[in-house]
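In: please find the sequence and the predicted model below.
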Amino acid sequence: MRYLSDTNLRAVLIVLIARAGGRIDITNAELYDAMLTGDEPADGFMVEETGTGVRLSIHPGHA
C-alpha cells in the first residue's frame with residue numbers, strides 16, 4: 001500500500017488524535033515546514049501494510 005485513500009487518511013487521523021488525548025494543535029509554521037519537501041518524496045511519509053493494519057512512518061528530515 002503506497003497511498004492512503006481520503007477515507008483511510010481520515011480514519012488514521014481520528015486514531016492518532018484520540019491517542020494524543022483528543023486534540024492536537026499545529027502552528028502555521030509547522031504546516032508550512034511539513035509542506036516543504038526538499039529532495040524527499042512529495043508526501044513525506046511511508047505507508048506499509050502489516051499483518052494487523054498499517055504502519056506510517058515519516059521520511060528522515062520530516063521528523
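Out: Here it is on my side, so go on.

In: what strand or helix carries the residue located most distally from the centre of the chain?
Out: In the chain, counting by CA atoms, centre = their mean, G51 sits farthest out from the average C-alpha position, at 19.6 Å. Using DSSP states H and E, G51 sits within no helix or strand.

In: ok, now how distant is G53 from A18?
Out: For G53, the distance to A18 (CB to CB, to the nearest Å) stands at 15 Å. Any C-beta I mention is one placed from the backbone N, CA and C, and that applies to glycine too.

In: same deal with I24?
Out: 10 Å.

In: pLDDT weak spots in this protein?
Out: 1-2, 37-43, 61-63 (pLDDT under 70).

In: again, only this time at 90
Out: Residue ranges of the chain with pLDDT under 90: 1-6, 8-9, 30-47, 56, 58-63.

In: determine the next helix or strand in the C-terminal direction from the helix of greatest length in it.
Out: Looking across the chain with DSSP state H, the single longest helix is helix 6-19. Toward the C-terminus, helix 6-19 is succeeded by helix 28-35 as the next helix or strand (DSSP H and E).

In: ok, the helix or strand following that next one: who's next to it in the sheet?
Out: For helix 28-35, the following helix or strand on the C-terminal side (DSSP H and E) is strand 45-49. Strand pairing for strand 45-49, using DSSP bridges, gives strand 54-58 (antiparallel).

In: please list the outside residues in contact with the partner strand.
Out: Strand 54-58 is contacted by residues 1, 4, 8, 12, 44-49 when judged by CB atoms under 8 Å, 6 or more residues apart in numbering.
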